[in-house]
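# pasting the structure only:
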């Protein structure tokens, strides 16, 4: 039996290939997620009104991205850390694996991919800076990129060249930065319980906007009158069904207050200012040329009513107005 062939068979196992591939994928994904997370922190700290459209709140549009990056980082970084630890332990136990071809190929591939990601991010940053982005966020984002690139390239180039370095201190710095980012991300994004209340309130605003839209654009403009109750809006032909409060299952409150005036009420969990912290939509004054973000749905916690009066010039009817 050829001992060289047997040795190569032991060294080039599928396990090594898959573990190094897993290390590369989780490293790149963790680095990207960490960068996105820090970028969003910077954008929240230094909001730029030019970055978002008029109908989006520049201080609130980041939170969905923060939650996505948090979820990815919480899962991927521990996997990368464990795989790296396992591979390091395996090399200490089997020093001949340092020269494993698949290991060196994938380490160089990791350096290449990390370099491309950093170059792409720097190009985008410089482009945005030349477009007029704020100077302080630009500098902080560059420092973030340098930290991610520096730590990644330092680690893998040291592995390739087999240079000694304070491994535990390096791991503590990188791991500490990730842990701090995750903790601060939870602080900024809010608890899952609070976010559920936010989503309930967002749904209620969306339902009220839907009811108001159908009431004005369909019922009022087609019939020239307001319904006595919301049940009259249900239309099986158009498939419109009046929604109920998703939290209680009860119908929303509606009152007809005049020929062209009505009121919609709902029970909210949080003030709208707090809901805006978990939403990309910012309540704005009414504009007839933009829907569904044109109504003003600002509210406090608890029962809140919205009074609406239909302008017949903006929303003309096809029939004469019927008196009550």
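In hand now; what should we look at? This is a predicted model, so every value here is computed, not measured.
# from residue 297, how far out is residue 182?
Residue 182 sits 33 Å away from residue 297, taking C-beta to C-beta, to the nearest Å as the criterion. Every residue, glycine included, has its C-beta placed from N, CA and C.
# which one's more surrounded, the two?
residue 297 (24 against 18; other C-beta atoms under 10 Å).
# quick check on that one: phi, psi?
Main-chain torsions, residue 297, degrees, to the nearest 10: phi -120, psi 30.
# now it: how far from residue 218?
Distance from residue 297 to residue 218, counting by C-beta to C-beta: 20 Å.
# the spatially closest residue to residue 306 that is not a sequence neighbour: what secondary structure?
The shortest distance from residue 306 to any residue other than its chain neighbours is 5.0 Å, reached at residue 264 (C-beta to C-beta, 6 or more residues apart in numbering). Under the three-state scheme (DSSP: H, G, I helix; E, B strand; the rest coil), residue 264 adopts strand.
# give me the pLDDT for residue 264.
Residue 264 is assigned 93 on the pLDDT scale.
# what about it, how many residues nearby?
Using other C-beta under 10 Å, residue 264 has 21 other residues around it.
# ok, now the one 5 residues further on?
Residues lying near residue 269 (other C-beta under 10 Å) number 17.
# which residues does it contact?
Taking C-beta atoms under 8 Å, 6 or more residues apart in numbering as the contact definition, residue 269 lies against 197-198, 200-201, 247, 301.
# residue 309 now?
Here residue 309 is in contact with 258, 260-261 (C-beta under 8 Å, 6+ apart).
# among those, which are in strands?
Secondary structure of the contacts of residue 309 is defined by DSSP state E; positions in strands are residue 261.
# which of the contacts of residue 309 are buried?
Neighbour counting over the contacts of residue 309 (16 or more other C-beta atoms under 10 Å) leaves residue 260 as the buried ones.
# ok, back up a step: need the max-distance pair from the contacts of residue 269.
Within the contacts of residue 269, 247 and 301 form the most distant pair, 13.2 Å apart (C-beta to C-beta).
# now do stretch 84-103: distance from first to last residue.
Counting by C-alpha to C-alpha, to the nearest Å, the length from the leading to the trailing residue of stretch 84-103 is 12 Å.
# and if you look at stretch 155-170?
With C-alpha to C-alpha, one end of stretch 155-170 sits 9 Å from the other.
# which parts of that stretch are buried?
Counting neighbours by 16+ other C-beta under 10 Å, one finds that the buried residues in stretch 155-170 are 155-156, 159.
# before we move on, what about stretch 296-315?
Neighbour counts using 16+ other C-beta under 10 Å place 297-299, 304, 306, 310 of stretch 296-315 among the buried residues.
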